[in-house]
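Q: make a model of this:
(one chain, ligands or ions: 1)
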Amino acid sequence: MPWIQLRLSANEDNAEKYSEWLSACGAQAVTFIDAQDTPIYEPLPGDEIVYWNNTVVMGLFDASHDMDKVLSYLKSIHPDKSNMAYKLEQLEDKDWEREWMDNFHPMKFGQRLWICPSWREVPDPDAVNVMLDPGLAFGTGTHPTTALCLTWLDSLDLKGKTVVDFGCGSGILSLAALKLGAAKVIGIDIDPQALQASLENAKRNDCADRLALFLPKDQPTFKADVVVANILAGPLRELAPVIIEYVASKGKLALSGVLEEQAQQLQTIYGEFCDMEPVTVQDEWVRLSGTRK
Ligand SMILES: C[S@@+](CC[C@H](N)C(=O)[O-])C[C@H]1O[C@@H](n2cnc3c(N)ncnc32)[C@H](O)[C@@H]1O
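A: Sure thing, here's the model as predicted:
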C-alpha cells in the first residue's frame, strides 16, 4: 500500500501535542525524529519521554487519505497558522516487511533436505522438499542455528518417529522432520503468530494432520523419540527440566540458539540426563546434541 508522510516541525514543548493532532487526523503511526541528530536513548518503562529541542513529528497516512483536509485543519489550530512548517512526502509503494523475500532462495541441508521458498521453483523435485513461507515468524534456514538443526534432523533416521519442536517459529524444523518421515510432531511456541505460520506451512506441505501445535500453557505431556529446541541459552537453561521430560529413554536431543561461550554450561546441565556429544559450531553459534540416558 502506498503511504503519505506528513512531517511537522516541533520542539520539546509541543511535540506531544502535535503527535496527538496527527493521530486525531487519522495517522496510522506517529514517530519523532531529531532534526539535529542528537541521540536520545529508549526510555525505560515509567521514565518520562524526553523530546529533542528540534523535533520532527511524522504522521503516516494511507495514500487515499484527504491530506488537504488534514492540512487545513492543522493550520487552523497551529500557533503559526498558515506559516506552519511542514513537509508532505509520498513513500514508495513497497511491502517493507516482505522485501527480504527477493533474497530468499532454496537452500540444501545435509544429504536430502531442501528448504524452498513457497513462491520459487523446486531445484530438485526428487529431494525432500519443504515449501516454506515464514510469514512474520523466525525460521527460514538462513540463520546458523536453524541450519545446524536442519542438518542434524537430516542426519537422523526419522521414519515413524515422534518429534517435539520446542520454539517452532515458522515450523521449519517440524516440517523438515515430517518430510523426512516422522510420524507425528508437536510444535510449541510462546508466539501465537509462530503457531499460525507453522500451521499454514504444514497445510502447504500436506502435513497438517501430523503436526499438533501448542502454546506453552497448553503443552501436553509426551515422550518423543526426538526433541529439538532452537531457542536461546537463557530459556534453554530455565526450561531444561521441561525439555528433558519430553525426551524418551534413548531418545535424541538437539539444542541450538547458543553462542560458543554459553555451550559449556548447557553441556553440564543437560549432561546430567543425556550422553552429550561434542558441540557443532557454525559461525559463532553452536548445536548441542545427545542421547537420553
Ligand atoms: C530462534 S527461533 C527458532 C525458530 C525455528 N524453530 C528455527 O529453528 O528457525 C525461537 C523461537 O522460540 C520461541 N520461544 C522463545 N522462548 C520460548 C519459550 N519459553 N517457550 C516456547 N517458545 C519460545 C520464539 O517465539 C521463536 O519462535
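Q: ok, residue 182 - contacts?
A: Counting by CB atoms under 8 Å, 6 or more residues apart in numbering, residue 182 makes contact with 158, 159, 160, 161, 162, 163, 210, 226. C-betas here are computed from N, CA, C, even on glycine.
Q: which strand or helix spans the residue nearest to the fourth one when sequence neighbours are not counted?
A: Spatial nearest neighbour of residue 161, chain neighbours left out: residue 225 (4.1 Å); criterion: CB to CB, 6 or more residues apart in numbering. Following DSSP states H and E, one finds residue 225 within strand 224-230.
Q: next one: residue 140, what pLDDT does it get?
A: What the model reports for residue 140 is a pLDDT of 87.
Q: what does residue 40 give?
A: 42.
Q: switch to numbering from 290
A: Yep, numbering from 290; the last one is residue 329 now.
Q: all helices of the stretch 290-439 of the chain, in order?
A: Under the criterion DSSP state H, counting those that start in this stretch, the stretch 290-439 of the chain contains helices at 304-313, 356-366, 433-444.
Q: re the thing from before, so which of the contacts of residue 471 is the most crowded?
A: Neighbour counts for these peak at residue 452, which has 29 neighbours (criterion: other CB atoms under 10 Å).
Q: I'd like the distance between residue 513 and residue 559.
A: Residue 513 sits 15 Å away from residue 559, going by CB to CB, to the nearest Å.
Q: contact residues of this structure facing the ligand?
A: Neighbours of the ligand within the chain, by CB under 6 Å from any ligand atom: 426-428, 434-435, 438, 456-458, 461-462, 477-480, 483, 505, 519-520, 524, 528, 546.
Q: tell me which two of the contacts of residue 471 sit farthest apart.
A: By the measure CB to CB, 499 and 515 form the most distant pair in these, at 13.8 Å.
Q: one step back: just give me the closest of the contacts of residue 471 to residue 357.
A: Of all the contacts of residue 471, residue 357 sits closest to residue 499, with 56.3 Å by CB to CB.
Q: domains of this structure?
A: Domain segmentation of the chain under automatic domain parsing yields 292-383, 389-581.
Q: of all residues in the stretch 290-439 of the chain, which one is closest to the ligand?
A: Of all residues in the stretch 290-439 of the chain, the one sitting closest to the ligand is residue 428 (2.9 Å; CB to the nearest ligand atom).
Q: buried deepest among the helices of the stretch 290-439 of the chain, which one?
A: Counting by mean count of other CB atoms under 10 Å, helix 433-444 has the highest mean neighbour count of the helices of the stretch 290-439 of the chain, with a mean of 22.
Q: adjacent strands (with direction) for the helix or strand following that helix?
A: The helix or strand immediately downstream of helix 433-444 is strand 451-455, counting by DSSP H and E. Counting by DSSP bridges, the strands paired with strand 451-455 are strand 473-477 (parallel), strand 513-519 (parallel).
Q: residue 533 - that's part of a helix, no?
A: Yes: applying DSSP: H, G, I helix; E, B strand; the rest coil, one finds residue 533 inside a helix.
Q: distance check, it against residue 321.
A: Residue 533 sits at a distance of 47 Å from residue 321 (criterion: CB to CB).
Q: quick one: the helices in the stretch 440-582 of the chain, in order.
A: 461-468, 481-493, 522-527, 529-535, 552-560.
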